[in-house]
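Asks: Have a look at this fold, sequence not included:
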């Protein structure tokens, strides 16, 4: 299973010419890819239509905040009122 993720990540890194630029921009780019990959919906042809688990983050959490995957990303990325 990890090979599938690594192949997708390698393809993405190849398209962006691997770590072209400085280290900070490369790290932020890989982090952005990972976050989008976790919140992007599964393929609708393969995913079960009755299932509420429609992306890797929803599967990990066991629930979803909204029907739209982008709203789930924004809610999960926000601090949701958490004060340090």
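Replies: That came through, no problem. As the structure is a computational prediction, the values presented were derived from the model and not from experiment.
Asks: List the buried residues for the longest helix along the chain?
Replies: Ranked by residue count and defined by DSSP state H, the top helix of the chain is helix 23-39. By neighbour count with 16 or more other CB atoms under 10 Å, helix 23-39 contains the buried residues 29, 38-39. Heads up, the C-betas are built off the backbone N, CA and C, glycines and all.
Asks: Now for residue 69, how many residues are close by?
Replies: Look at residue 69: counted by other CB atoms under 10 Å, it has 17 neighbours.
Asks: That one reaches residue 54, doesn't it?
Replies: Yes. In this structure, residue 69 is within contact of residue 54 by CB atoms under 8 Å, at 7.4 Å.
Asks: Give the residues shared as contacts by the two.
Replies: Listed as contacting both residue 69 and residue 54 by CB atoms under 8 Å, 6 or more residues apart in numbering are residue 41.
Asks: is it true that residue 72 touches residue 61?
Replies: No. At 9.1 Å, residue 72 does not count as touching residue 61 under the criterion of CB under 8 Å.
Asks: how about the helices in this protein?
Replies: Going by DSSP H, the chain shows helices at 2-15, 23-39, 56-61, 69-77.
Asks: Right, I'll leave it there.
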